[in-house]
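K.L.:
just need the structure, nothing else, for what follows:
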Amino acid sequence: MKKLKVEKTGCWGTINGVFQQLPVGYEFVATDVPSAFAGRVSVVGEVEEQELEVATPSADDKTAEHADTSAKSKKAK
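P.N.:
Numbers count the residues shown, from 1 in each chain. This next block holds a predicted model:
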């Protein structure tokens with residue numbers, strides 16, 4: 001994985017779920033330099049492979065249910 005930095009305009013991608021032109025100076029991680037970005041980005045460094053951990057509520061976690069019932073009780077008043 002490589003950390004890339006946009007050096008020239010003309011690179012498009014998604015930032016926070018919005019497809020847009022990447023601003024000059026924007027840094028992102030990619031497996032390799034995309035061919036469309038050649039000459040427009042520079043390699044800033046290498047990034048080790050990262051593992052994502054996703055939290056899911058357990059069966060005995062009632063936090064979401066408590067929030068839901070309190071909203072219902074407020075509506076009832």
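
K.L.:
for this protein, just list every one of the strands.
P.N.:
2-6, 12-15, 18-21, 27-30, 41-46 (DSSP state E).

K.L.:
and among those strands, the most buried is which?
P.N.:
Mean neighbour count, computed with mean count of other CB atoms under 10 Å, is highest for strand 2-6 among these, reaching a mean of 18. Backbone N, C-alpha and C define where each C-beta goes, glycine included.

K.L.:
tell me the angle that strand makes with strand 41-46.
P.N.:
Here the directions of strand 2-6 and strand 41-46 differ by 140 degrees (axes from the mean of the first three to the mean of the last three CA atoms, to 10 degrees).

K.L.:
now the protein, which segments are flagged as low pLDDT?
P.N.:
59-77 (pLDDT under 70).

K.L.:
what ranges does it have for its helices?
P.N.:
63-76 (DSSP state H).

K.L.:
most centrally placed residue in it?
P.N.:
Geometric centre of the chain, nearest residue: residue 16, 5.8 Å, by CA atoms, centre = their mean.

K.L.:
so which of the strands of the chain is nearest residue 53?
P.N.:
strand 27-30 (17.3 Å; CB to CB).

K.L.:
strands paired with the closest one, and their directions?
P.N.:
strand 2-6 (antiparallel) (DSSP bridges).

K.L.:
run through who's touching the partner strand.
P.N.:
Strand 2-6 is contacted from outside by 22-33, 37, 40-47, using CB atoms under 8 Å, 6 or more residues apart in numbering.

K.L.:
picking up where we left off before, of all the strands of the chain, which lies closest to residue 54?
P.N.:
strand 27-30 (18.5 Å).
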